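**Student:** Build me a structure from this.
(chains A and B)
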Amino acid sequence: MNAPQDEAPLVSVEGLQVVLPTGERSEVEAVRRVDLVIRDGERVGVVGESGSGKSVTGRSIAGLLPTSPRVRVNGSIRISGQEMVGAPPAAWDEIRRSRVGMIFQDPLTFLNPTMRVGRQVAESIPPGREGDGSARTRAVHRFLEQAGLERPEQVAARFPHELSGGMRQRVLIAIAIAKLPALIIADEPTTALDVTVQQRVLKTLDTTVADLGTSLMLISHDLAVVANMTDRIYVMYGGRVVEEGATEQVLHEPRHAYTQALLRSVRSLTDDGVELYSISPELRRQLAEEAVDAS
Amino acid sequence: MKAGLLHYGRLLLSSFILFIVVITVLFFLLELAPGDPVQALVGDVPLTEEFRERIMAAYGLDKPLWERYLIYLGNVLRGDLGYSFATNAEPVLDIILSRAGNTLAIAMPSFILSTLGGIVLGSIAARTRKRWLDGGISGIAVGLFSIPNFWFGMLLIMVFSITLGWLPTHGKSPYGQPGIYWEYMVLPIITMATTELAYKARIARSAVIESLGQDYIDTARSKGLSSRRVLWRHALPNGLLPLVTVSGYSLGFILAGSVLVERVFGWPGMGLLFVDAIERKNNMVVLGITIMLTITIIIVNIITDVIYGIVDPRLRARLAPKQEVTT
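**Tutor:** Below is the predicted model:
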């Protein structure tokens, strides 16, 4: 899983700042001076609580921020050496068509309800790569199968509402891999699924990424998910990266107080009778002061 | 299959009940309306009591109201809309059918033009939301929607017929010529379509904007599809549902609106016939046209319901539930 360190990174984010509108005249700085690197074949986890800026960072790398002119992005996002901040829409389309695939959180709402599954996957295959007609259809079935779906011919003919939650998430995986991307960004890919289905979907994602040799950016608030599937972890809080390092090191020897608190808040089945740990107001105050110092 | 049959069975039954209610209400309303049908029939001449009684007996007007109602209802259900008082007892159905083609000749192109135009303009406005093009389209749509179509028709006559002399003002063909000439259709079609087009453009804009904000649009964008393709392949098909409803109603509005437009352009369709029948208290023709419009609207509603199922597979599934596939 470990990637060579001396190659130019697949994704290089420097000083990323994203400002999003929250109302007619209000806005929020969702991401503040984030630096992040993903190398070829590397698996990177991004963890943090809700509102920490991890999804916005992932969407910024995929060029999938809201299209409003009030959204401001500063800093640098380089994908395969190409600077993408300020790039025209056609350049982003090309990156998304061939380099970056995205798996979203809720498999029901992120699939087009009026389009058959097969067509939704076929759209993700770059034009001309698999030929047309039956060759393209065979490719669709192959990607559905690769995403862990049995009887892909039947699944391709279905509409999303005719599939279970786990199957829908596998369809989203098939859509992401159909373009044979260099990077897959999985944004909380199992949050909306039953616990029993989560493990199977994660296993499929793990196998698929390994088979394709694709880089993975796994965004999650679930430390256990990220621990098992990534080489490095970025811990985010309040739009900033507060800690970064090898997964083993961050999980076992956390340096930052927030990471330590995050790890303490993880629950286990053997914690019977132990009070739930929550991050203290003092720590939040300390993090807020750090954010002010950093700016 | 069974659920589908049950749904359409219910729909047909409720449509039939609506049809009977419309006939009943209209029949009694027209009976209550002031005026003397016998006088309307013979014209502005003095009537003897004996002659009046003969005419009333001949047309069944001497029978009690409830009996006339039941006879009329039975006849309508057999396809007999009665006889016109004013035109030598000609069957009402024949009179209406002779005019229906003329009305449809301008109503259907208006319907198609307003629907397609509304979808295209609304989609463009949605795609360029809050930019000058959206502002222009939305502003013009509000303006056109606010203009009464009879006034707009007169404005078109002044500009294109009187000032520029490009198009004729009146009728459906040159004097004495049979058939319909296209240059006579242009202004009535534009007049009929404009208000509906403006309304549909507004609805399409809102529906597409809402659709563009849905999560599946992010998935479409993540595939690297161009914004145009995202709009036409993903946002529009999902935004079409409210437009299907509006289009269904719109055909009814266009047909009802033909009353004024045909009057302005002297177009010999059902609208002009309707106005003429009201003025002459030709109740059977008024009732007949209203019944035909009711039937048209009921059919359009049923077609709209079927189109719903085609456009949105989730509705189709509700009528014929399939086993959900699981892993």
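**Student:** Same question for stretch B:228-239: list its buried residues.
**Tutor:** Residues of stretch B:228-239 classed as buried: B:230-231, B:233-239 (neighbour count, 16 or more other Cβ atoms under 10 Å in any protein chain shown). (Each C-beta comes from the backbone N, C-alpha and C, glycine too.)
**Student:** Quick check: which of the residues you listed are also close to chain A?
**Tutor:** B:233-234, B:237-238 (Cβ under 8 Å from any Cβ of the partner chain).
**Student:** could those be laid out in a markdown table, adding secondary structure and pLDDT?
**Tutor:** Output for those, formatted as a markdown table (DSSP: H, G, I helix; E, B strand; the rest coil; pLDDT from 0 to 100):
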| residue | secondary structure | pLDDT |
| --- | --- | --- |
| B:233 | helix | 92 |
| B:234 | helix | 94 |
| B:237 | helix | 89 |
| B:238 | helix | 90 |
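**Student:** ok so, going back, turn the buried residues of stretch B:228-239 into a markdown table, including distance to residue A:244.
**Tutor:** Below are these laid out as a markdown table (distance: Cβ to Cβ, whole Å):
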| residue | distance to residue A:244 |
| --- | --- |
| B:230 | 35 |
| B:231 | 39 |
| B:233 | 40 |
| B:234 | 37 |
| B:235 | 38 |
| B:236 | 43 |
| B:237 | 43 |
| B:238 | 40 |
| B:239 | 43 |
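**Student:** that older thread, tell me the one of the ones next to chain A among the buried residues of stretch B:228-239 nearest residue A:161?
**Tutor:** Taking Cβ to Cβ as the measure, residue A:161 lies nearest residue B:238 of these, at 13.0 Å.
**Student:** Next, the contact list for the closest one, please.
**Tutor:** Going by Cβ atoms under 8 Å, 6 or more residues apart in numbering or on different chains, residue B:238 touches A:112-114, B:211, B:214, B:216.
**Student:** that older thread, pipe the ones next to chain A among the buried residues of stretch B:228-239 into CSV and attach distance to residue B:52 per row.
**Tutor:** CSV is the format used below for those (distance: Cβ to Cβ, whole Å):
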residue, distance to residue B:52
B:233, 69
B:234, 69
B:237, 63
B:238, 64
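**Student:** ok, so of those, who is nearest residue A:67?
**Tutor:** residue B:234 (14.1 Å).
**Student:** And the residue of chain B that's closest to chain A?
**Tutor:** The minimum distance from chain B to chain A, using Cβ to the nearest Cβ, falls at residue B:224 (2.8 Å).
**Student:** Let me know the pLDDT of the residue nearest to that residue when sequence neighbours are not counted.
**Tutor:** Nearest non-adjacent residue to residue B:224, counting by Cβ to Cβ, 6 or more residues apart in numbering or on different chains: residue A:97, 2.8 Å away. Model confidence at residue A:97, given as pLDDT, is 91.
**Student:** who's in contact with residue A:97?
**Tutor:** Per Cβ under 8 Å, 6+ apart, neighbours of residue A:97: A:126, A:179, B:223-224.
**Student:** mind checking how far it is from residue A:128?
**Tutor:** Computed with Cβ to Cβ, to the nearest Å, the distance linking residue A:97 and residue A:128 is 11 Å.
**Student:** swap in residue B:44?
**Tutor:** Per Cβ to Cβ, residue B:44 is found 80 Å from residue A:128.
**Student:** Likewise for residue A:120?
**Tutor:** The gap separating residue A:120 from residue A:128 is 19 Å, by Cβ to Cβ.
**Student:** For the two, indicate the residue with more neighbours.
**Tutor:** Between residue A:120 and residue A:128, counted using other Cβ atoms under 10 Å in any protein chain shown, residue A:120 has the larger neighbour count: 25 against 8.
**Student:** any idea which element the more buried one lies in?
**Tutor:** helix A:117-122 (DSSP states H and E).
**Student:** Check which helices and strands that helix is in contact with.
**Tutor:** helix A:134-146, helix A:152-156, helix A:165-177 (3 or more Cβ pairs under 8 Å, 6 or more residues apart in numbering or on different chains; DSSP states H and E).
**Student:** Output those in CSV; the columns should cover mean pLDDT and mean neighbour count.
**Tutor:** Output for the helices and strands packed on helix A:117-122, formatted as CSV (pLDDT from 0 to 100; neighbours: other Cβ atoms under 10 Å in any protein chain shown):
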stretch, mean pLDDT, mean neighbour count
helix A:134-146, 92, 18
helix A:152-156, 94, 19
helix A:165-177, 91, 26
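**Student:** okay if I get those as JSON lines plus distance to chain B?
**Tutor:** Output for the helices and strands packed on helix A:117-122, formatted as JSON lines (distance: least, Cβ to the nearest Cβ, whole Å):
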{"stretch": "helix A:134-146", "distance to chain B": "12"}
{"stretch": "helix A:152-156", "distance to chain B": "7"}
{"stretch": "helix A:165-177", "distance to chain B": "5"}
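**Student:** Could I get the ones you listed in a markdown table, plus columns for distance to residue A:51?
**Tutor:** Shown next, in a markdown table, are the helices and strands packed on helix A:117-122 (distance: least, Cβ to Cβ, whole Å):
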| stretch | distance to residue A:51 |
| --- | --- |
| helix A:134-146 | 34 |
| helix A:152-156 | 35 |
| helix A:165-177 | 24 |
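**Student:** for the strand or helix carrying residue B:114, which positions count as buried?
**Tutor:** Secondary structure assigned from DSSP H and E places residue B:114 in helix B:92-127. Buried residues in helix B:92-127, counted by 16+ other Cβ under 10 Å: B:92-93, B:95-96, B:99-100, B:102-107, B:109-111, B:113-115, B:117-119, B:121-127.
**Student:** what separates it from the chain centre, distance-wise?
**Tutor:** Centroid displacement of helix B:92-127 relative to its chain, using Cα atoms, centre = their mean, to the nearest Å, is 8 Å.
**Student:** Check stretch B:245-257 too.
**Tutor:** Here stretch B:245-257 is found 4 Å from its chain centre; the criterion is Cα atoms, centre = their mean.
**Student:** which parts of that stretch are buried?
**Tutor:** For stretch B:245-257, burial by neighbour count (16+ other Cβ under 10 Å) applies to B:245-248, B:250-255, B:257.
**Student:** Which residue ranges of the chain form strands?
**Tutor:** Since no chain was named, I'll use chain A. Using DSSP state E, the strands assigned to chain A run over residues A:11-21, A:27-38, A:43-47, A:72-79, A:82-83, A:100-103, A:183-187, A:215-220, A:232-237, A:240-246.
**Student:** so which of those comes closest to chain B?
**Tutor:** The nearest among the strands of chain A, by Cβ to the nearest Cβ, is strand A:100-103 at 4.2 Å.
**Student:** With only the CA atoms kept, save the closest one in CSV.
**Tutor:** C-alpha atoms of strand A:100-103 as CSV (Å, rounded to 0.1, in the frame of the first residue of the first chain):
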residue,chain,number,x,y,z
VAL,A,100,-10.6,11.8,-10.5
GLY,A,101,-13.6,9.7,-9.5
MET,A,102,-15.9,10.5,-6.6
ILE,A,103,-18.1,8.3,-4.3
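**Student:** is chain B contacted by that strand?
**Tutor:** Yes: counting by Cβ under 8 Å from any Cβ, chain B is contacted by strand A:100-103 at A:100-102.
**Student:** With stretch A:179-193 instead?
**Tutor:** Yes: judged by Cβ under 8 Å from any Cβ, stretch A:179-193 and chain B are in contact via residue A:179.
**Student:** Next up, the contacts around the closest residue to residue A:76 other than its chain neighbours.
**Tutor:** Once flanking residues are discounted, residue A:76 sits nearest to residue A:14: 4.4 Å by Cβ to Cβ, 6+ apart. Residue A:14 is in contact with A:35, A:75-76, A:78, counting by Cβ under 8 Å, 6+ apart.
**Student:** let's go with 7 Å and repeat that
**Tutor:** Residues near residue A:14 by Cβ atoms under 7 Å, 6 or more residues apart in numbering or on different chains: A:35, A:75-76.
**Student:** same check, this time on residue A:287
**Tutor:** With Cβ under 7 Å, 6+ apart, residue A:287 has these contacts: A:237-238, A:258.
**Student:** from the residues you listed, which is closest to residue B:289?
**Tutor:** Distance to residue B:289 across those (Cβ to Cβ) is lowest for residue A:238, with 69.9 Å.
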